[in-house]
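> missing the sequence, but the structure's below:
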């Protein structure tokens, strides 16, 4: 499942980031690594969203959210 498909108010776990090297490194520096839980605070349009990652709010565009593989987090919200 892709991050762009997660609804606002849902939590998920990062499985893989398929972005160019520099973008991927930047997200990892911000704490977005494999098996990290994120919470979708808000979403607009087809994949633009604001997420909560390790206590920090991040805005991600469609070109990013369509390239991040996630799985639904069970029992988290």
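Cool, got the structure. Bear in mind the structure is a predicted one, so any value in this text is a computation, not a measurement.

> tell me the bridge partners for residue 70.
Here residue 70 shows beta-bridge partners residue 14, assigned using DSSP bridges.

> can you count the residues close to it?
The number of residues packed near residue 70 is 24, by other Cβ atoms under 10 Å. Just so you know, the C-beta spots here come from the backbone N, C-alpha and C atoms, and that holds for glycine as well.

> also the one 3 residues further on?
Using other Cβ under 10 Å, residue 73 has 15 neighbouring residues.

> mind listing what it touches?
By Cβ atoms under 8 Å, 6 or more residues apart in numbering, residue 73 lies in contact with 10-13, 37.

> strands of this protein, start to end?
With DSSP state E, the ranges of strands along the chain come out as 11-17, 37-44, 48-53, 56-60, 68-72.

> just put the ones you listed in CSV and tack on mean pLDDT and distance to residue 4.
Written out in CSV, the entries for these read as follows (pLDDT from 0 to 100; distance: least, Cβ to Cβ, whole Å):
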stretch, mean pLDDT, distance to residue 4
strand 11-17, 97, 11
strand 37-44, 95, 9
strand 48-53, 95, 8
strand 56-60, 95, 9
strand 68-72, 96, 8
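
> could you dump the ones you listed into TSV with distance to residue 23 added?
Conversion of those to TSV gives the following (distance: least, Cβ to Cβ, whole Å):
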stretch	distance to residue 23
strand 11-17	8
strand 37-44	16
strand 48-53	15
strand 56-60	11
strand 68-72	10
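
> nearest to residue 5, of those strands?
Nearest to residue 5, of all the strands of the chain, is strand 68-72, at 8.5 Å by Cβ to Cβ.
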